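Asker: Predicted model, plus sequence, below.
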Amino acid sequence: MKIDILTLFPEMFLPLKTSIIGRAQDNGLININLINYRDYSQDRLKHVDDTPYGGGAGMVIKPEPIYDAYKDIKDHESAKVIYMSPKGKLFNQEKAKELSKEDHLIILCGHYEGVDERIIEEIVDEEISIGDYVLTGGELPAMCIVDAIARNIPNVLSDDSTIDESFSNGLLEYPQYTRPEIFDGRKVPEILLSRRSC
């Protein structure tokens, strides 16, 4: 799977180079590209935002830098474009599984008061939210959904790792225990001691 992330802060995505997602990239299962759309600003000072029409606090991301960055992505026409937005549909495990079947995703991270509505109308296929709270930008939500999607891509995890995971059957995972058998006076439930697999 190819994932292109349009962002103003590519340096925030360091966690995606580590752990399971990092190994998946090293093994060629996922190709994550970070694209700083500030690089596409035609402004001499590389501004990407401006005051909103109609007034109001804050700044809005201009459409041109995002659009030019999007057009510069190879095979952008066939990609599914997601905008991280508090107005979007709430992300869940079912959506993670659905998106893991895509060949190419482009994730747009907004900032400030969001992006010019015309860019949403022009390129965005779906708006997604990770919850009813405000963050400084779309980077952290993008990392959350990339992590959740990647776990569902074949061979990223062993097949049985995802079978009993929380939300895999609409339920939360049961409590887990490991050695030592007794910790601080608390013992592993007796029924589990005869079924230890490690």
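Answerer: The structure has been received and is ready for your questions.

Asker: all contacts plus neighbour counts: C-alpha atoms, from now on.
Answerer: Will do.

Asker: Surely residue 116 touches residue 65?
Answerer: No - under the criterion of C-alpha atoms under 8 Å, residue 116 lies out of contact with residue 65, with a separation of 11.0 Å.

Asker: More neighbours: which of the two?
Answerer: Taking residue 116 and residue 65 together and counting by other C-alpha atoms under 10 Å, residue 65 has the greater number of neighbours (22 against 19).

Asker: Could you list every helix and strand in contact with the longest helix along the chain?
Answerer: Within the chain, and with DSSP state H defining each element, the longest helix by residue count is helix 139-150. Applying 3 or more C-alpha pairs under 8 Å, 6 or more residues apart in numbering; DSSP states H and E, one finds that helix 139-150 makes contact with helix 93-99, strand 104-109.

Asker: Out of these, which is closest to residue 36?
Answerer: Nearest to residue 36, of all the helices and strands packed on helix 139-150, is strand 104-109, at 10.1 Å by C-alpha to C-alpha.

Asker: just to revisit the earlier point, just the helices and strands packed on helix 139-150: most buried one?
Answerer: By mean neighbour count, with neighbours taken as mean count of other C-alpha atoms under 10 Å, strand 104-109 ranks first of the helices and strands packed on helix 139-150 at a mean of 24.

Asker: So which residues make contact with that one?
Answerer: Contacts made with strand 104-109 from outside it, assessed by C-alpha atoms under 8 Å, 6 or more residues apart in numbering, are listed as 1-8, 76, 78-84, 137-139, 142.
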